[in-house]
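S.K.: Mind looking at a prediction? Sequence and model below.
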Amino acid sequence: MKILVLNGPNLNMLGTREVDKYGTTDLESINKELKTLAAALEVEIETFQSNSEGELVEKIQSALNNFDGIIINPAAYTHTSVAIRDAILAVNIPTVEVHLSNIYSREDFRHHSYIAPVCIGQISGFRQESYLAALRALAGYLRK
């Protein structure tokens, strides 16, 4: 089983940006935790981060026939990207949307996700634990 973990814009700045919302854990540390959990779950993962919407769309498209599932933190693209939404629809791979913060307790414009309706689920608000919960949930879903 192979799962692609995608991270959108500004997540390369984790650990130093808005630590009150996102915590002090950087993306590299999250990826290490994910890889440790993936090994325990006997799942192979690949991680990718980009600040570019087009690169994220291309990575989603390249997942077709190569990955069984996707975990995505679209970051700010959550609220703006029909292109990412359409790419997820096009590949038809079970996808989980993840957020470090609770997007529904933040500014009003963050309450709407273009991505959630094309995903099997969404996990938000638990900082890096959101990713780990998503990996567990997606692996379980794919095994059924």
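M.R.: On my side now, so go ahead. Since we're looking at a predicted model, the values are computed, not measured.
S.K.: which regions of the chain lie under the pLDDT threshold?
M.R.: Residue ranges of the chain with pLDDT under 70: 105.
S.K.: Would you state the strands of it in chain order?
M.R.: Ranges of strands in the chain, per DSSP state E, are 2-7, 44-49, 69-73, 95-99, 121-124.
S.K.: Can I get the ones you listed in JSON lines including mean neighbour count and distance to Met13?
M.R.: From N, CA and C alone the C-beta is placed, and that goes for glycine too. Formatted as JSON lines, these follow (neighbours: other C-beta atoms under 10 Å; distance: least, C-beta to C-beta, whole Å):
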{"stretch": "strand 2-7", "mean neighbour count": "23", "distance to Met13": "11"}
{"stretch": "strand 44-49", "mean neighbour count": "18", "distance to Met13": "10"}
{"stretch": "strand 69-73", "mean neighbour count": "25", "distance to Met13": "13"}
{"stretch": "strand 95-99", "mean neighbour count": "26", "distance to Met13": "15"}
{"stretch": "strand 121-124", "mean neighbour count": "19", "distance to Met13": "19"}
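S.K.: Looking at those strands, spot the one closest to Thr36.
M.R.: Nearest to Thr36, of all those, is strand 44-49, at 10.4 Å by C-beta to C-beta.
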